[in-house]
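**Q** fold the stuff below for me.
(one chain, ligands or ions: 1)
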Amino acid sequence: MLEVHGAIAVITLDNPPVNSLGHALRQRIVAALDTAESDPGVKGIVLAGNDKAFSAGADMSEFGTPLQLAEPMLRTVLERVEACRKPVVAAIGGVALGGGLELALACHGRVALETAKLGLPEILLGLIPGSGGTQRLPRLVGMATALTLIQSGSPQTARQLAESGLLDQVVSMDLLASASAWASELAERGTPLPRARDRELDACVAQAILTAQREKLTPRQRLQPAYAALLDALNAASGAFEEGLQLERALFLQLIPSTPAKALRYQFFTEREASKLPLALQADARRVDTVAIIGAGTMGAGIAICALDAGLNVILLEQDTAALQRGRQRVTEHYQGRIAAGKLKANVAAASEARLTPSTDWAQLSRADLVIEAVFEDLAVKQEVFRKIDAHARPGAVLATNTSYLDVDAIANVTGRPQDVLGLHFFSPANVMKLLEVVRGAQTGADVLATGMDLGKKLRKLPVLTGNAFGFIGNRIYNAYRKQCEFMLEDGAWPEEVDTALQAFGFAMGPFAVADLSGLDIAWRMRKAQASTRDPRERYVDILDQLCEQGRLGRKTGAGYYAYIEGQQVKTTDALVRRVIEQASTRRGIHRRHLDAAEIQRRALLAMVNEAALLLAEGVASRVTDVDVVLVQGYGFPRWEGGPVFWARQQNRAALEQDMKTLAQQAGPSFVLAELTALLTS
Ligand code: NAI
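**A** Residues are numbered from 1 along each chain as shown. So this is what the prediction gives:
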């Protein structure tokens, strides 16, 4: 770990892969510093990482454990670095994140490769930097830059930060040599060594920035205590350093056991878990270089963009040239938009588009390793398309459908190779949303599933395995939630009361605003298709159907649950909608009553929890925690609440079960009440 080259000691952090600052590494850093400092031949010290990372920060598995707080704690290591009588220079390549960047901030100098990524992502885990980041960073880069970096949680490259004051040098090569030269230079200059803690901030400017930011916090940020805590900690950076450190520490320790921080840590680990197939299903993935996408509509074009971005060859197939032209145009406009916004270089976009083959010729399919069908949501249409795919795709190609609700087996079985067929359920917009449900049909081969999961990762998605059941995981739970919200309309709430309560819980949007946005006719069509098989005992709320019959299909027709004036939602529902709702209550013999926000939130969550337990019992979800990944990633469930399963596990079990029973009574005889043991304990 410690090597001496001439007058420079190089301490190389050695906890692969990303040098997380676990207890053992912290001990070794302090020991190496002691040795280097006491070596009379050493004039300066360089702290270096490996190619991947200077250091990615704290060891997350230590969070909230005694090891995290065992000496030397990170802050002790930092004090040791800062107090070293010989200059310590951080040589930053790869990533310097969280505690890793805080370690660099405590050094006397910082030299970075221009591609290095530096950031303080603690806020994304419901925390604030806890080892001086909120005190040292603003002193080095000023409050505006510090605030942006810490509040966004997103890293920036050394190239972007070159002028910020954070780095003494940004180099394109020879990192170690440059850092060593800088350490020699600082040794030459002598004491006092430059330390972030000795710098002063302009308190007036800093406070003005923070006051303005406090006003600007979004409702979702206000629900997460870390955002206000961050502003408090940063505010202290204009005062005495030690006091600031103490406040930062106290706030950090308060946040660590808070529910949002626990939920965010849980999501972090659960997401990683979700993208792994259960052991019994693990197999080698098939190789995929060329993807064919059938249907260049909203979804097909979006999927094409993410496949192109991932470096794959894409064949985009449509039924006629006009539709193909429209699809091609969607892709082109997307790239033009990114170029215009300065997010993509023109030559990179051109290289991506060069890998696209738009076509109406089905013979092109023979070149594809994987085919994704994204045509209309109609079983007969999809079956016809799959017969054609079967005729043209090469043996061994993986065949996927992007259906939202249809039976994957009914699609697979029209081919002569159902073992090669699976569902790949992307979410809209497909090039943005991270969730991908990978649907296992009755005969889907293990290597085909592995290929689906693998493709998801290649497309930088979060693939989650699901069984083949109506709505898979996400839409099935969302339907249960939406139904419950409709019950609440009949029971006495107005749409805006339900939406406001659920937004106050943290949902990105309320269910009725979402329904208006996606168009009520989608659900209306599905309801009509299901009418003949519906359980006659089901509590069926027909408010949506009534609205559709009156031409209120949502935002696109200027009215749905809400009216829209010049695209803006009118906050309260109008007399017509209220009359439709009141009539529905009357027909069911319900005396309308006021539902408060707490009841609305609880009923909506209970409905999700019940459905999650059913999905687990039916084997549709292989891990119940997958439900939480799906809801957070695909349906706007607040990440800092962890997901419905995490939420349920925070509740008192007896009360939960009691309320579930009440929910079942309100829902009528067709409601299946789930057993919660597996959900709460697995
Ligand atoms: P869309 O209507 O925008 O696009 C469908 C495209 O398929 C059209 O361009 C049409 O010309 C083409 N097409 C139809 N029949 C064809 C055939 N026989 N051969 C070749 N092309 C054909 O529909 P959208 O929204 O893109 O949906 C596609 C699929 O994705 C559906 O199964 C839908 O349920 C699913 N989906 C849609 C989501 C959404 O939010 N729009 C989300 C997730 C899945």
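**Q** how many neighbours does the residue of the chain at minimum distance from the ligand have?
**A** Proximity of the chain to the ligand (CB to the nearest ligand atom) peaks at residue 297, 1.8 Å away. C-beta coordinates here come from the backbone N, C-alpha and C atoms, glycine included. By the criterion of other CB atoms under 10 Å, residue 297 has 15 neighbours.
**Q** mind giving me the packing neighbours of the helix or strand hosting residue 665?
**A** In this assignment (DSSP states H and E), residue 665 forms part of helix 653-667. Packing partners of helix 653-667 (3 or more CB pairs under 8 Å, 6 or more residues apart in numbering; DSSP states H and E): helix 474-491, helix 597-618.
**Q** again, only using 7 Å
**A** helix 597-618 (3 or more CB pairs under 7 Å, 6 or more residues apart in numbering; DSSP states H and E).
**Q** got the contact list for the helix it packs on?
**A** For helix 597-618, contacts defined as CB atoms under 7 Å, 6 or more residues apart in numbering pick out 469, 473, 476-477, 480-481, 484-485, 488, 493, 497-498, 501-502, 504-505, 621, 624, 627, 644-645, 647-648, 659-660, 663, 672-676, 678-679.
**Q** least confident secondary structure element in this structure?
**A** helix 520-530 (a mean of 90; mean pLDDT, DSSP states H and E).
**Q** in it, what counts as buried?
**A** Buried residues in helix 520-530, counting neighbours by 16 or more other CB atoms under 10 Å, are found at 520, 521, 523, 524.
**Q** do stretch 220-240 as well
**A** Under 16+ other CB under 10 Å, the buried positions of stretch 220-240 are 220-221, 223-227, 229-238.
**Q** the next helix or strand after the least confident helix or strand of the chain: which residues count as buried?
**A** The first helix or strand that comes after helix 520-530 along the chain, using DSSP H and E, is helix 543-549. Within helix 543-549, the residues that count as buried by 16+ other CB under 10 Å are 543, 544, 545, 546, 547, 548.
**Q** what sits against the second one?
**A** So that's residue 544. Contacts for residue 544 were tallied using CB under 7 Å, 6+ apart; they are 520, 523, 524.
**Q** likewise for the fourth one?
**A** If you count contacts by CB under 7 Å, 6+ apart, residue 546 has them with residue 580.
**Q** can you list the contacts of residue 544 in CSV and add distance to residue 175?
**A** Output for these, formatted as CSV (distance: CB to CB, whole Å):
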residue, distance to residue 175
520, 58
523, 57
524, 61
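**Q** between those residues, which is nearest residue 410?
**A** Proximity of those to residue 410 (CB to CB) peaks at residue 523, which lies at 21.1 Å.
**Q** that closest one: what's it in contact with?
**A** Counting by CB under 7 Å, 6+ apart, residue 523 makes contact with 515, 544.
**Q** now swap in residue 547 and tell me
**A** Counting by CB under 7 Å, 6+ apart, residue 547 has contacts 520, 560, 561, 577, 580.
**Q** return a ChimeraX selection command for the buried portion of the residues you listed.
**A** Command for ChimeraX that selects the buried part of the contacts of residue 547, burial taken from 16+ other CB under 10 Å:
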select :520,560,561,577,580
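**Q** show me the contacts of residue 547 that map onto helices.
**A** With DSSP state H as the criterion, helices contain 520, 577, 580 from among the contacts of residue 547.
**Q** domains of the protein?
**A** 2-255, 285-470, 475-681 (automatic domain parsing).
**Q** can you lay out those domains as JSON lines showing distance to residue 262?
**A** Output for those, formatted as JSON lines (distance: least, CB to CB, whole Å):
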{"stretch": "domain 2-255", "distance to residue 262": "8"}
{"stretch": "domain 285-470", "distance to residue 262": "20"}
{"stretch": "domain 475-681", "distance to residue 262": "7"}
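**Q** residue 265: which of the ones you listed is closest?
**A** Of the domains of the chain, the one closest to residue 265 (CB to CB) turns out to be domain 2-255, at 5.9 Å.
**Q** quick one: stretch 544-563 to chain centroid distance?
**A** Per CA atoms, centre = their mean, to the nearest Å, the displacement of stretch 544-563 from the mean C-alpha position of its chain is 32 Å.
**Q** start to end distance for it?
**A** 14 Å (CA to CA, to the nearest Å).
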